[in-house]
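**Q** Requesting a structural model of the entry that follows:
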Amino acid sequence: MDIIEQSQNIRQGLSTRESRLLAQLAGAGHQIISVDDIETTLEVPPNTAREIASRLTEKGWLDRLFPGRYLIIPLAAGEEGLYTTHEYLIAAHVAEPMYIGY
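**A** Sure thing, here's the model as predicted:
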């Protein structure tokens, strides 16, 4: 992999509003968030919340799980955003009520 390809994988900087959003949600213990969480936290309209989620996904700070639901990529993932979350955490947010069995 050459230098150009590597630099495309590095997470991009955050705006003040994006930084505040992630700090508030992650600080409250949220690992998976919705567009509604963004609307409520920042007090913005739905279209703006979707745009913010899209930008954060492009910048490497969110991972889109399915429409309207995102995984916050933790700081521990480093500059390249390499992170693996437990599949049960994601499964718990796919449907409600839910049950995981063996």
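**Q** which residues sit in contact with the spatially closest residue to residue 46 that is not a sequence neighbour?
**A** Of all residues not flanking residue 46 in the chain, residue 39 sits nearest, at 6.0 Å (CB to CB, 6 or more residues apart in numbering). Glycine gets a C-beta too; all of them are placed from N, C-alpha and C. Neighbouring residues of residue 39 by CB atoms under 8 Å, 6 or more residues apart in numbering: 45, 46, 48, 49.
**Q** Least confident secondary structure element in the chain?
**A** Here the helix or strand of the chain ranked lowest by mean pLDDT, DSSP states H and E is helix 3-9, holding a mean of 40.
**Q** So which other helices or strands are in contact with the helix or strand following that one?
**A** Once helix 3-9 ends, the next helix or strand along the chain (criterion: DSSP states H and E) is helix 16-27. On a contact count with 3 or more CB pairs under 8 Å, 6 or more residues apart in numbering; DSSP states H and E, helix 16-27 meets helix 35-42, helix 46-58, strand 69-72.
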